[in-house]
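> structure of the sequence below:
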Amino acid sequence: MNISVFVQEYLRAAIRKPRQFLKARLARLCTICGYEGRFLDVGPRPEARCPNCSSKERDRIMGLYLRGNGIDMAGKNLLHFSAERPFFRLWRHNPGYVAGDIKISKVANAVVDITDIRFEDGHFDHLICHHVLEHVPDDTQGMRECFRVLKPGGTAFFSVPLDHSRPETWEPPAGMPAAEVERICGWDHVRLYGRDFPDKLAAVGFQVSEIRFSPEDGERHRLTEEHALDRQGLDRIFVCTR
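Alright, predicted model coming up:
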């Protein structure tokens, strides 16, 4: 057990939503750290976070896929944008791991601009880009760069906030105030993706499929909660190969 993370997460949960501890909860199993027990609420999302490694729903979807497909990042060149803390803790000592962000942070070891990635073509075995592209004005260029730096046969994982009721991505009209864009799309987001998101990935050259799991896995590992926007539901993670 990761005692320091566990204590921190429980204290945070107790301060933010103390009444959650009055409810009986089933034991959940984290696909990343293997913790089995009570998960913690995050805002309106019941049982969203593992207290032992801080994983949230999309992290555990990713962890379930990696384990189920025997994907080991050890010895691999991996580019990970805006790294999630559970994975950063797992991989930060791997020599080929680049945890990139637009600025250095506690979960970044390199400054990387997704629209201008300073690595040669075909450098990375794997690439992870979760909830990043909705912040990027030129997301198509970001996707092109991800395709370029991925090795032939390599695998990239993408997710964005999706409005599943929209067949096409909504781009704000020129001149719309930022506050109005954020009201529609979410904080610091510059567009609202629709069901055409995988088509956008395919348009730059990726072969695209979606991670799927059983309802039993969804319940056992707590993968299926509602997200910040009501019109978002289950996080879709798209597996892309070059």
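
> return the set of buried residues in stretch 73-89.
The neighbour-count check on stretch 73-89 (16 or more other CB atoms under 10 Å) flags 73, 76-84, 86-89 as buried. (C-beta placed from N, C-alpha, C; glycine too.)

> and that stretch, how far out from the chain middle?
11 Å (CA atoms, centre = their mean, to the nearest Å).

> distance between the ends of that stretch?
13 Å (CA to CA, to the nearest Å).

> same question, stretch 117-131
Span of stretch 117-131 from end to end, CA to CA: 18 Å.

> what does the pLDDT read for the residue positioned nearest the centre of the chain?
Central residue of the chain (CA atoms, centre = their mean): H130, 3.2 Å from the mean position. We have a pLDDT of 96 for H130.

> wait, it touches I237, no?
Yes: look at H130 against I237 with CB atoms under 8 Å: they come within range, at 7.4 Å.

> identify the contacts common to these two.
R58, M62, F157, F158, S159 (CB atoms under 8 Å, 6 or more residues apart in numbering).

> next SSE after the lengthiest strand in the chain?
Of all segments of type strand in the chain, defined using DSSP state E, the longest is strand 150-159. Scanning forward in sequence from strand 150-159 by DSSP states H and E, the next helix or strand is helix 178-185.

> which parts of the helix or strand following that next one are buried?
Remark: after helix 178-185, the chain's next helix or strand is helix 197-203, criterion DSSP H and E. Within helix 197-203, the residues scored as buried using 16+ other CB under 10 Å are F197, P198, K200, L201.

> poorly predicted segments of this structure, please.
225-234 (pLDDT under 70).

> for it, what spans make up the strands?
Remark: strands assigned in the chain by DSSP E are 28-29, 36-37, 40-42, 45-49, 78-81, 97-101, 110-111, 124-130, 150-159, 207-210, 238-241.

> can you list those strands in TSV and add distance to I3?
Below are those laid out as TSV (distance: least, CB to CB, whole Å):
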stretch	distance to I3
strand 28-29	19
strand 36-37	14
strand 40-42	16
strand 45-49	16
strand 78-81	26
strand 97-101	24
strand 110-111	29
strand 124-130	27
strand 150-159	30
strand 207-210	36
strand 238-241	34
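
> of all those, which lies closest to F21?
Taking CB to CB, strand 40-42 is the member of the strands of the chain nearest to F21, at 9.2 Å.
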